[in-house]
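# got a predicted structure plus its sequence, pasted below:
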Amino acid sequence: MSRTKLLYQCQSCGFSSPKWLGKCPDCGEWNTFTEEEQVVKLKSRKASAPVVLSDITHSDGQRFSTGISELDRTLGGGVVMGSVVLLGGDPGIGKSTLILQSLPGLTGLGSVLYVSGEESPEQIKIRADRLNITSDKIILLPETSLEGIISVVQKERPSVIIIDSIQTIFSLELSSAPGSVSQIRDCSTKLMFLAKKHNIPLFIIGHVTKDGAIAGPKILEHIVDTVLYFEGDKGNPFRILRAVKNRFGSTNEIGVFEMVEAGLQEVANPSELFLSERPVNVPGSVVTVSLEGTRPLLIEMQALVTSSSFGVPRRTALGVDYNRISLLLAVLDKRLGMKFGSMDVYVNVVGGLKLNETAVDMGMVASIVSSFRNKPVDTGIFTFGEIGLSGELRAVSQAGIRIREAAKLGFKKGIIPAGNASNVEDHGIELIGVKNVEEAVEILMF
């Protein structure tokens, strides 16, 4: 037995209302409500039996490689059987290319069903030939009906399922259009149950909105096991694959790729790549060390401080938190007497990375002071450390890994927190421990 009711749903976040609203009270977006028919099935089902935790057996987290080490790293070491992975990113960023390049590795599990709702088999074949991908175990299915996909899965029994993309899939049980909140929620849930029931790894490609979030209700990210975002600028060949949710691994891992003519190429040593075009003896350029998961990255931090032409000076931050820049400028004003009230300040992370950890504070301050005083920092020096409001330089985690990475690239001197300098191996680098930002700037600038 079932009954039907009409609701208005926000196409941005999935909020439901019995009447139309101009502004969504949940996400704040305007004119996003559309009328959708909700079919509520009223039927009883047998409840699942409880299980004692100690009686449950598992495969000890067995993982399988995709054949792409950077993708395996982001997934936490490989693909877990029965896991559901959601991959999002801007149009043209390389989502389908990455999945297509992983197919030869995934065929090690058996046949792979590639469901395409946007491209024809001929178009996929053209791209596969360009990437030199061929296998008798790759099955292409141009289908957008959920019921049709489930029927093929039950018939073919593939070892891996690829959905490209979830916004094109629709269920015949719903009257709403493909890509609507109800369709995405219902189709994703049924595909997830299908993957869990048959213990099949499921990869779902999702579109993103203009704000960078995956289109559809937030529940889409909640029901999957892993959420990966492909980041990068269209004018920049480098791509960053970042895990923002992972039930089977760390959420801090990243994978680095370079888009070339033959597809996505793995970058085994991103630190060397990010520093390959670093200018020599130029004010405002400083190398800092950021830790992304278990991977240390040496990053060039650039700053430009110039006189403002307007009454209100500009503060621009690319790759770092804008509010963090404002905080550090206030510390420099208070502790070092540097007045930025009439200065425009621009801070940029070279390579298109987005850094979130506070360990790069010292790198940002050093680049800003270097540009402000128009004095370059020695190219053989690197620095890291968190800066507090009183100007103290606080110790950071995993300092030894950061220093070892700097030693690999030939750096000779490191300006680091005093709390780290006393308990790490120097790896042949002259380590100078400093307690506050005043000491650090004095060493860096002279």
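Thanks, I have it.

# show the contacting residues for Trp30.
Neighbour list for Trp30: 22-24 [criterion: C-beta atoms under 8 Å, 6 or more residues apart in numbering]. Any C-beta I mention is one placed from the backbone N, CA and C, and that applies to glycine too.

# and for Phe257?
Phe257 neighbours (C-beta under 8 Å, 6+ apart): 70, 94, 98, 238-241, 264-267.

# so of those residues, which ones are in strands?
Among the contacts of Phe257, DSSP state E puts 238-241, 264-266 in strands.

# and the helices in the stretch 101-250 of the chain?
Secondary structure of the stretch 101-250 of the chain (DSSP state H, counting those that start in this stretch): helices located at 121-130, 146-156, 181-198, 219-223.

# what is the mean pLDDT for the second one?
What that stands for is helix 146-156. Summarised as a single mean, pLDDT over helix 146-156 is 94.

# all numbers from here: first residue = 152
New numbering, starting at 152: the last item is helix 297-307.

# buried subset of the contacts of Trp181?
For the contacts of Trp181, a neighbour count by 16 or more other C-beta atoms under 10 Å gives the buried set as Cys175.

# quick one: low-confidence residue ranges for the stretch 152-301 of the chain.
152-155, 189-197, 209-212 (pLDDT under 70).

# re the thing from before, mind putting the helices of the stretch 252-401 of the chain into a markdown table with mean neighbour count and distance to Gly514?
As requested, the helices of the stretch 252-401 of the chain are arranged in a markdown table below (neighbours: other C-beta atoms under 10 Å; distance: least, C-beta to C-beta, whole Å):
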| stretch | mean neighbour count | distance to Gly514 |
| --- | --- | --- |
| helix 272-281 | 14 | 40 |
| helix 297-307 | 15 | 48 |
| helix 332-349 | 20 | 40 |
| helix 370-374 | 16 | 32 |
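
# what's the closest of those helices to Gly229?
Among these, the nearest to Gly229 by C-beta to C-beta is helix 332-349 (16.4 Å).

# return the distance of the closest one from the chain's centre.
Taking C-alpha atoms, centre = their mean, to the nearest Å, one finds helix 332-349 lying 23 Å from the centre of the chain it belongs to.

# in terms of secondary structure, what does it contact?
If you count contacts as 3 or more C-beta pairs under 8 Å, 6 or more residues apart in numbering; DSSP states H and E, helix 332-349 packs onto strand 153-161, strand 184-192, strand 235-240, helix 297-307, strand 311-315, strand 353-357, helix 370-374.

# any chance of those in CSV, with distance to Val440 too?
Below are the helices and strands packed on helix 332-349 laid out as CSV (distance: least, C-beta to C-beta, whole Å):
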stretch, distance to Val440
strand 153-161, 42
strand 184-192, 47
strand 235-240, 27
helix 297-307, 46
strand 311-315, 37
strand 353-357, 33
helix 370-374, 31
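
# and of those, who's closest to Val516?
Between these, strand 235-240 lies closest to Val516; by C-beta to C-beta that is 32.3 Å.

# so the chain: which segments form each domain?
Following automatic domain parsing, the chain resolves into domains at 153-192, 214-419, 424-596.

# for Ser199, find the nearest of those.
Nearest of those (C-beta to C-beta): domain 214-419, 12.9 Å.

# so Ser548 sits right up against Leu442, yeah?
Yes. Counting by C-beta atoms under 8 Å, Ser548 touches Leu442, with 7.3 Å between them.

# show me where the stretch 352-501 of the chain dips below the pLDDT cut-off.
Using pLDDT under 70, the flagged stretches of the stretch 352-501 of the chain are 361-364, 366-368, 385.

# the strands in it, which residues?
353-357, 377-382, 389-397, 405-411, 414-417, 436-443, 446-458, 466-469, 494-500 (DSSP state E, counting those that start in this stretch).

# count the residues that sit near Gln252.
24 (other C-beta atoms under 10 Å).

# so it versus Ser168, what's the distance?
Going from Gln252 to Ser168 by C-beta to C-beta, to the nearest Å gives 43 Å.

# equivalent analysis for Tyr380, please.
For Tyr380, the distance to Ser168 - C-beta to C-beta - is 30 Å.

# looking at the two, which has the bigger crowd around it?
Taking Tyr380 and Ser168 together and counting by other C-beta under 10 Å, Tyr380 has the greater number of neighbours (24 against 14).

# on that earlier part again, let me have the domains of the chain in CSV, adding distance to Ser199 as columns.
Below are those laid out as CSV (distance: least, C-beta to C-beta, whole Å):
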stretch, distance to Ser199
domain 153-192, 19
domain 214-419, 13
domain 424-596, 35
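
# burial measure for the residue lying closest to Leu237 once chain neighbours are set aside, as a count.
Take Leu237 and drop its neighbours on the chain: the residue closest to it by C-beta to C-beta, 6 or more residues apart in numbering is Val375, 4.4 Å away. Other residues near Val375 come to 25 when the count uses other C-beta under 10 Å.
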